[in-house]
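Colleague: test case, fold it:
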Amino acid sequence: MSRSVWLVSYPEKVTPWMRFLLHELLAGPVERWSDLDRMVPEVGRDSLPRIGPLWCTHDPYDVHVQRFGPAMRGFILVTPERSSRAATWIAACVRHPHVVVPYPALCADPVRALRRIGDFLQVFPSDVDLEGIVARCSPAARQRVRERDLATA
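Modeller: Next up, the predicted model:
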C-alpha cells in the first residue's frame, strides 16, 4: 500500500483553491474539474479511498487515523490561526511530517505559502513559475474551468 500526503483545510471554502494550486504544482494546468478528482480527490466521511499520493479530508485527525492510519505519509494543514476543528491535526504534528500554512498567510502571500508546500512535497519551481500557478488558480480561472465543464457536459 502506498502512503499518501493529506490536505486538511479549514475553512472548507479554501479547499477548491488548494486543490487547484496543488494540481498546478504537481501536474500542470487544470483543464477540467474532474482533473482535480484524479490528482487531489476529496474523501468524504462515507468513502474509503484507493490510496494515492495526495488526498483531501475535513475529518478530525482521530477519525482519519481510525479509517486510514498507516496510509498517511504526512499532511498539509491550512487553517486559521485558531481553529478548534484543526486542533487534533495540530496535536498530530509531532507524529507525522507536515507543513502548517496559516490561512491568513496563504491569502496574504500565496506564492510564499505555495513555496513552503512545494518544499514539503520536494517540488521546487521557480518564483516565476509559482506566480504563474497562483495567477492560473484565481477565482476567475476556477470559474472558467467550471463553466467549460458545464458547457461540454
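
Colleague: what about the protein, any weak spots by pLDDT?
Modeller: Within the chain, the ranges that satisfy pLDDT under 70 run 1-3, 43-55, 58-60, 62-71, 81-83, 85.

Colleague: now do the helices in it.
Modeller: 15-27, 33-39, 61-68, 87-91, 103-108, 110-121, 127-136, 139-152 (DSSP state H).

Colleague: just the CA atoms of the second one, as CSV, please.
Modeller: In CSV, the C-alpha atoms belonging to helix 33-39 read as follows (Å, rounded to 0.1, in the frame of the first residue of the first chain):
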residue,chain,number,x,y,z
TRP,A,33,-12.8,19.9,-12.8
SER,A,34,-12.5,16.1,-13.0
ASP,A,35,-8.8,16.6,-13.2
LEU,A,36,-8.9,17.6,-9.5
ASP,A,37,-10.7,14.4,-8.6
ARG,A,38,-7.9,12.4,-10.1
MET,A,39,-5.0,14.4,-8.6
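
Colleague: that one packs against which elements?
Modeller: When contacts are defined as 3 or more Cβ pairs under 8 Å, 6 or more residues apart in numbering; DSSP states H and E, helix 33-39 packs onto helix 15-27, helix 139-152. C-beta: built from backbone N, CA, C; applies to glycine.

Colleague: okay, buried residues for it please.
Modeller: 33, 35-36, 39 (16 or more other Cβ atoms under 10 Å).

Colleague: which one of the residues you listed is nearest residue 98?
Modeller: residue 39 (20.0 Å; Cβ to Cβ).

Colleague: pretty sure that closest one contacts residue 28?
Modeller: No - using Cβ atoms under 8 Å, residue 39 is not in contact with residue 28, being 9.7 Å away.

Colleague: appreciated, that's everything.
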